[in-house]
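Asker: fold the following and give me the result.
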Amino acid sequence: MLLKLYDNLNSMFPFKPAELNRHLISLWDDLHEGVNRYLTGYPGAKLENGEDAITVKVCLPGMKMEDIDVEVVSDFLTIKAAREQTAADDEDCIYRERRLSRYEEKIKLPGKVKGSMTAAKYVDGILTVTMPREETEKPISIKVS
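Answerer: Numbers count the residues shown, from 1 in each chain. Predicted coordinates for the structure are as follows:
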């Protein structure tokens, strides 16, 4: 009797308790990461999906070109930047809004790109990474005889 009741309850709910728990934990982790980024002033990335290239722009104020690393592997872009804070920076500081001293982002791109032809520019605190798209194979029509 108890087994029948358990089967009936399972058919009423689309998720098993363990699956539901996993989904809720994942949702909480995503929410927590987003709130942390907002509260810490973490810069967001802007991804432009063009016909010939994918462009990513990230604001990295106060960073030097030497402190920024860009890596492209298949359809992932990784951007890392770190700025050392010296004691002289804090000497006369009363209030600091810009807390960013380390930045790391791994971005899933909407397609495969030519990593060897990727170009990165850093002008006025904005990093712009332009990645040409890989040529897609064109369908070939085959005549059946």
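
Asker: show me the strands in this structure, by range?
Answerer: 45-49, 53-59, 68-73, 76-82, 102-108, 119-123, 126-132 (DSSP state E).

Asker: mind giving me the packing neighbours of the last one?
Answerer: Using 3 or more CB pairs under 8 Å, 6 or more residues apart in numbering; DSSP states H and E, the elements in contact with strand 126-132 are strand 53-59, strand 68-73, strand 76-82, strand 119-123. C-beta: built from backbone N, CA, C; applies to glycine.

Asker: can you give me the buried ones in it?
Answerer: The neighbour-count check on strand 126-132 (16 or more other CB atoms under 10 Å) flags 127, 129-132 as buried.

Asker: could I get the strands of the chain as CSV with distance to Glu91 and mean pLDDT?
Answerer: Formatted as CSV, these follow (distance: least, CB to CB, whole Å; pLDDT from 0 to 100):
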stretch, distance to Glu91, mean pLDDT
strand 45-49, 33, 90
strand 53-59, 26, 94
strand 68-73, 26, 93
strand 76-82, 21, 91
strand 102-108, 21, 86
strand 119-123, 27, 95
strand 126-132, 28, 95
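
Asker: would you list the ones you listed in a markdown table and tack on distance to Cys93?
Answerer: Formatted as a markdown table, those follow (distance: least, CB to CB, whole Å):
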| stretch | distance to Cys93 |
| --- | --- |
| strand 45-49 | 28 |
| strand 53-59 | 21 |
| strand 68-73 | 24 |
| strand 76-82 | 20 |
| strand 102-108 | 18 |
| strand 119-123 | 25 |
| strand 126-132 | 24 |
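
Asker: nearest to Ser26, of those strands?
Answerer: strand 102-108 (16.5 Å; CB to CB).

Asker: could you pull out the buried residues of the closest one?
Answerer: Result for strand 102-108 [16+ other CB under 10 Å]: buried residues 103, 105, 107.

Asker: in the sheet, who's paired with Arg102?
Answerer: Note on Arg102: beta-bridge partners Ala82, judged by DSSP bridges.

Asker: could you do Ala120 as well?
Answerer: Applying DSSP bridges, one finds that Ala120 bridges with Val129.

Asker: center of this structure, which residue is that?
Answerer: Closest to where the C-alpha atoms of the chain average out (CA atoms, centre = their mean) is Ile107, at 3.2 Å.
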